[in-house]
Every structure is written in C-alpha cells, then in structure tokens.
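Student: Sequence and predicted structure are below.
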Amino acid sequence: MTTVPQFLVLTPDDCAEVLRRNHVGRLAYLKGPVVDIEPIGYVKEGDWIFFRSAYGAKLEAVAHTPYVAFEVDEVRGPFDWKSVVAHGTIYMFPGDGAKVDQRAYERGVAALRTVVPEALTPLDPVPERWIVYGLHVDSVDGRMAQSTTTKRGPPRRKVTRTRTPRRGPGNGT
C-alpha cells in the first residue's frame, strides 16, 4: 500500500467552516515598506473576523493601510492540512464613537466573548487588549492536502540500458 497526497481547493463553505472552527490565525499587514505577519486570536461571524489588541505598531500600520490578509491553518501532517486566506479591510470599532461604531463594537465584543467570556470585563485575562476591530472579508481562498492510500505499490521506473559503442580501431575513434 502506498500513501499519495491529493491537493484540493476548498469551497467557500469549507473555508468558512475552517475559520469558524479555529480561534488563532495570522494577520499580515503592510508596515511601511515591508509586509509583517503576527499571530492573533479571533472570532469569525458572518462576513467579519473580530480581533482585539493592545495599542501598538500593528494598529498604527493598519490605520495607514487597512488592507490585510488573514490566514488560518489546520495541520495534522505533511500531507493532511487545510489552509484558508481571507483578504479584506480592517475597521476600528471605538466603543464611544458614533452609534454605528458602538453597535459594531458591541457585536465584536459579543463575538469575542464566545471564546473568552471574561473578555473586556473586570475579570479579563488580558485587559491590555482593549481595542476591538474587525476585518470585513472581501474574498476567501482555501487549499487542502489529504493523504489517500492506494493498493498499488510505488510507481516503478523503467530502466533502459543503452550500449555504449566501444572505442577503438575501426569505430572511428
């Protein structure tokens, strides 16, 4: 029996399921002239991915260039994995802003509390991460690899032998 990897494209529904099932991914953003990437906790809800962070270089960067990529992987082995990349725009949700911002903030907080119920309460395990923001997903792509077992053995290479002409008198050499 031989294990052979198969590489497939995930459907949009499969991509959404991978994003819903996980809660840690990597946010890629433009930081000046270079692309940076950082791990970050998140929650997917509808067309949004909600995050929270402390103030710092990442938030300064997305304030200037809000177009980002976000990746989540599920890896079980070298040929058993799923990877989803979402592209979109980051929006900040100030809790004390306009009504529409306040509603978005409340929606983000509610989503984040489905994973960490104490988030943004006096019992918050990471109270320094008080800034709530979201990625509006414009596009999503996913790939996967899965191992399949076949009954046949490994492919055999046909070996052909060629005769090398003898060198010497009468052979033009």
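Tutor: Good, I have the coordinates.
Student: so where is this structure shaky, pLDDT-wise?
Tutor: The model of the chain has pLDDT under 70 over residues 1, 150-173.
Student: quick one: contacts for the residue nearest in space to the middle of it?
Tutor: Centroid-nearest residue in the chain, with Cα atoms, centre = their mean: residue 71, separated by 1.5 Å. By Cβ atoms under 8 Å, 6 or more residues apart in numbering, the contact list for residue 71 reads 25, 26, 28, 83, 84, 85, 86. From N, CA and C alone the C-beta is placed, and that goes for glycine too.
Student: Can you name the residues bridging to the first one?
Tutor: Here residue 25 shows beta-bridge partners residue 40, assigned using DSSP bridges.
Student: gap between the residue nearest to the centre of the chain and residue 107?
Tutor: Between residue 71 and residue 107 the distance is 23 Å, computed by Cβ to Cβ, to the nearest Å.
Student: repeat for residue 6
Tutor: According to Cβ to Cβ, residue 6 and residue 107 sit 39 Å apart.
Student: quick one: which of those two has more around it?
Tutor: residue 107 (17 against 10; other Cβ atoms under 10 Å).
Student: Put the alpha carbons of the helix or strand where that one lies into CSV.
Tutor: Taking DSSP states H and E as the definition, residue 107 sits inside helix 99-113. What follows is helix 99-113, C-alpha atoms only, in CSV (Å, rounded to 0.1, in the frame of the first residue of the first chain):
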residue,chain,number,x,y,z
LYS,A,99,-24.0,54.8,17.1
VAL,A,100,-22.9,52.7,14.1
ASP,A,101,-19.5,52.3,15.6
GLN,A,102,-20.9,51.4,19.0
ARG,A,103,-23.1,48.7,17.5
ALA,A,104,-20.2,47.2,15.7
TYR,A,105,-18.1,47.4,18.9
GLU,A,106,-20.9,45.6,20.8
ARG,A,107,-21.2,43.0,18.1
GLY,A,108,-17.4,42.4,18.2
VAL,A,109,-17.3,42.1,22.0
ALA,A,110,-20.2,39.7,21.9
ALA,A,111,-18.4,37.5,19.3
LEU,A,112,-15.1,37.7,21.2
ARG,A,113,-16.9,36.6,24.4
